[in-house]
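Visitor: attaching a predicted model along with its sequence, questions to come.
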Amino acid sequence: MAGAAVALTEAAEWTLNIDFDEAPDPAFGDTWAPRLKGLLRASGSLAGNLDTAQSLAFDAATVAGSVRMYLYPDRSTTGRYYAGLIFPKLSVTVPLMGKATFSGGFSVDGQLSQY
């Protein structure tokens, strides 16, 4: 999916998780368990109302590789955001009565940057 960034029109919330592996690093004589910090990784989720006129979430979830994502904490402040390549997953719920919604998770492929 190449081209200019396109907003997911009905997105209502997102989460971002940054995590890392830890490994024990003990030595003889230690009275506390020292640890080593491993590689960073990031993941998160998105949710909102389903916009049936837009296929962006479906297209991103079904592409063969990773796709570029931008997360803006404040839509009016476009100079502050997180960006990276992700592997997105999608779930759509369409109830008999009520509104259709989407949700999905993502794993960051490589480095996540903050601007």
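Guide: Done, it's in.
Visitor: run through the strands of the protein in chain order.
Guide: 11-24, 35-49, 67-71, 82-88, 91-93, 101-108, 113-114 (DSSP state E).
Visitor: can I get the ones you listed in JSON lines including mean pLDDT and mean neighbour count?
Guide: C-beta: built from backbone N, CA, C; applies to glycine. Below are the strands of the chain laid out as JSON lines (pLDDT from 0 to 100; neighbours: other C-beta atoms under 10 Å):
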{"stretch": "strand 11-24", "mean pLDDT": "96", "mean neighbour count": "12"}
{"stretch": "strand 35-49", "mean pLDDT": "97", "mean neighbour count": "14"}
{"stretch": "strand 67-71", "mean pLDDT": "95", "mean neighbour count": "17"}
{"stretch": "strand 82-88", "mean pLDDT": "97", "mean neighbour count": "18"}
{"stretch": "strand 91-93", "mean pLDDT": "97", "mean neighbour count": "13"}
{"stretch": "strand 101-108", "mean pLDDT": "97", "mean neighbour count": "19"}
{"stretch": "strand 113-114", "mean pLDDT": "96", "mean neighbour count": "10"}
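Visitor: what's the closest of those strands to Ala57?
Guide: Closest to Ala57 of the strands of the chain is strand 101-108 (C-beta to C-beta; 5.7 Å).
Visitor: can you give the distance of that closest one from its chain's centre?
Guide: Counting by C-alpha atoms, centre = their mean, to the nearest Å, strand 101-108 is centred 7 Å from the centre of its parent chain.
Visitor: between it and strand 35-49, how many degrees?
Guide: Angle, strand 101-108 to strand 35-49, by axes from the mean of the first three to the mean of the last three C-alpha atoms, to 10 degrees: 150 degrees.
Visitor: need the pLDDT of Tyr72.
Guide: Predicted confidence (pLDDT) for Tyr72: 93.
Visitor: burial measure for the closest residue to Asn49 other than its chain neighbours, as a count.
Guide: Leaving aside its sequence neighbours, Asn49 sits nearest to Glu10 (C-beta to C-beta, 6 or more residues apart in numbering; 4.0 Å). When counting by other C-beta atoms under 10 Å, one arrives at 18 neighbours for Glu10.
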